[in-house]
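[1] show me the folded form of this:
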Amino acid sequence: MTPQEIEALFTREEGGFLFARWGRPIAPIVFGVEEATLSVLKGAFEAVAALSGHKLAETDPELGGNCMVFFFRDWSELLEVPGLDGLLPDLALLVPRLQAGGANQYRAFRFDAEGAIKAAFVFLKMDAALARLPAEELALAQVVQVFLLWSERAFRDRSPLAKAGGHIILRPEIAGLIRAAYDPVLPAVARDPSQALRLFARMEPGS
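    Below is the predicted model of the structure:
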């Protein structure tokens, strides 16, 4: 992976570079799934946390659960979730937009005063396309996409995952980038594209 490819992964659609990682332990909470799927998601969070060196927590002292994952059948169900409009004030406008666009997933982030991630919300409308995915693949792909503030286009044309020996794994270059991104020497937030060079320098050869 070149510095230019890394830079593209954090360049916003409207232009401008923005890198952010979590500034606090991640306390995930999942809604709308059975126990078996819940354990798969937990395993995905634990795997990426181990890779990055970032901590997980049972609860966040400010927010309780600070990484909320919602599974549902129709976007309109979100309007019925108590208190969700308080966490996402634009929910009433967002739902019709996602319905009109035929979206099956959406992620939203909240940031602390320095700009590091302090909360994430993942919404998965389980249409036919998502329902066909193995639980392990769906879980790992979603967890990877909340560990950093990736560009909206980062994985539009290519998944962060690969298959190896019949197992779903992170692409080696994405795994290497996540590991580098959580190097404590690097800032948790960066708006200068030179951050891509610093990330590149910390990636292992071959990543």
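[2] quick one: end-to-end distance for stretch 9-20.
    12 Å (CA to CA, to the nearest Å).
[3] low-confidence regions, this protein specifically.
    205-207 (pLDDT under 70).
[4] in it, which spans are helices?
    For the chain, applying DSSP state H gives helices covering 3-9, 35-52, 84-87, 91-101, 128-131, 135-147, 172-181, 195-202.
[5] TSV for these, including mean neighbour count and distance to A27?
    For glycine as for every other residue, the C-beta is placed from the backbone atoms N, C-alpha and C. Compiled in TSV, these are given as follows (neighbours: other CB atoms under 10 Å; distance: least, CB to CB, whole Å):
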stretch	mean neighbour count	distance to A27
helix 3-9	17	26
helix 35-52	16	10
helix 84-87	13	14
helix 91-101	13	22
helix 128-131	10	24
helix 135-147	21	12
helix 172-181	21	19
helix 195-202	19	26
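[6] and the residue nearest the centre of the chain?
    Among the residues of the chain, the one closest to the centroid is V146, at 1.5 Å (CA atoms, centre = their mean).
[7] surely that one is in contact with A120?
    Yes. Using CB atoms under 8 Å, V146 is in contact with A120, at 4.4 Å.
[8] wait, what's in contact with F109?
    Under the criterion of CB atoms under 8 Å, 6 or more residues apart in numbering, the neighbours of F109 are 20, 117, 119-121, 146, 149.
[9] and for Q105, the neighbour number?
    Neighbourhood size, Q105 [other CB atoms under 10 Å]: 17.
[10] who is it paired with across the strands?
    L124 (DSSP bridges).
[11] could you tell me how far it is located from E13?
    Look at Q105 and E13: by CB to CB, to the nearest Å, they are 16 Å apart.
[12] how is the protein carved up into domains?
    1-20+160-207, 22-147 (automatic domain parsing).
[13] so which of the ones you listed is nearest R153?
    Closest to R153 of the domains of the chain is domain 1-20+160-207 (CB to CB; 6.2 Å).
[14] neighbours of E114, how many?
    11.
[15] who's in contact with the closest residue to it other than its chain neighbours?
    Spatial nearest neighbour of E114, excluding adjacent residues (CB to CB, 6 or more residues apart in numbering): V189 at 5.9 Å. Neighbouring residues of V189 by CB under 8 Å, 6+ apart: 19-21, 114-116.
[16] cool, and E114?
    23, 188-189.
[17] quick check: the residue nearest to E114 vs R171, distance?
    For V189, the distance to R171 - CB to CB - is 25 Å.
[18] state the number of residues packed around the closest residue to K163 other than its chain neighbours.
    Closest residue in space to K163, ignoring its immediate chain neighbours: I169 at 7.4 Å, by CB to CB, 6+ apart. Per other CB under 10 Å, the neighbour tally for I169 reads 15.
[19] surely I169 touches V144?
    No. Here I169 lies out of contact with V144, judged by CB under 8 Å, at a distance of 10.9 Å.
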